[in-house]
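# Need the 3D shape of this:
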Amino acid sequence: MRKTADILECCPICEYSLRGLPDPHRCPECGFEYDRAMQVIRQSAKLSALEFAWVSVFLFFVALAVAAGRNLSLWQYLKLGLFAVVAISAWRVIRGRRNKAILWLGGMVLVGRESGPERFSWKQVESINYRRFGGAAQLIASGGTTITDIEQDFFGSNAKTLAFIRAAKEWRAQYEDAFARQRSRGDSSQADKETPASR
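Numbers count the residues shown, from 1 in each chain. Reported below is the predicted structural model:
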């Protein structure tokens, strides 16, 4: 069961506010075709290795400043303060750009911090498996071919990866049910129509 909090309030690609806009519609900022029934699974809010490194470096320099006490000159204090501002700003930018998976009846879009959106339709994806070694989610095509591995780092935790797999399987099952209903009525075009994920 979807929670009210899962309903889209901003574009899952560029975070532009969707309040007051029709549904479905295209994001006026980036052009992404959205539907508020979409489910977004974001990277864990826990510190990643890179974020932990930023915080560790900052705390290290703070510790040096405290240890040095009054031995630091005014210029050194200013340089330390400037470094702290840059480090915290960079950390906030990194924290704000989390990886995410967007799921809906037509398929999924994977949006990485360092890469553009990758689109997959449910026609492409036969199943979604969990690879125990490394904790990756695997998208499998018909015939057992691996389309792609979504490594655990993408979601930041094993729990988030498993949550993605559960949600993706549910959406895949809904697609199959919708396709079967349309096919029984002699019209599979509605369930199998082109979506943002299949473009």
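
# which regions of this protein sit below the pLDDT cut-off?
1-7, 44-52, 54-55, 62-72, 74, 77, 85, 88-97, 187-199 (pLDDT under 70).

# what ranges do the helices span in it?
In the chain, the segments counted as helices under DSSP state H are 49-68, 74-96, 152-155, 158-184.

# Domain map for this protein?
38-45+99-184, 49-96 (automatic domain parsing).

# Kindly reformat these as CSV containing mean neighbour count and distance to residue 29.
Yep, even glycine has a C-beta here, placed from its N, CA and C like the rest. What follows is the domains of the chain, written out as CSV (neighbours: other CB atoms under 10 Å; distance: least, CB to CB, whole Å):
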stretch, mean neighbour count, distance to residue 29
domain 38-45+99-184, 17, 14
domain 49-96, 12, 16
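
# Nearest residue to the middle of the chain?
Residue closest to the average C-alpha location in the chain (CA atoms, centre = their mean): residue 100, at 0.4 Å.

# how much space between it and residue 123?
22 Å (CB to CB, to the nearest Å).

# for residue 30, same thing?
Distance, residue 30 to residue 123, using CB to CB: 25 Å.

# hmm, back to that, distance to residue 18 for the domains of the chain - can I get that in TSV?
Converted to TSV, the domains of the chain look like this (distance: least, CB to CB, whole Å):
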stretch	distance to residue 18
domain 38-45+99-184	11
domain 49-96	18
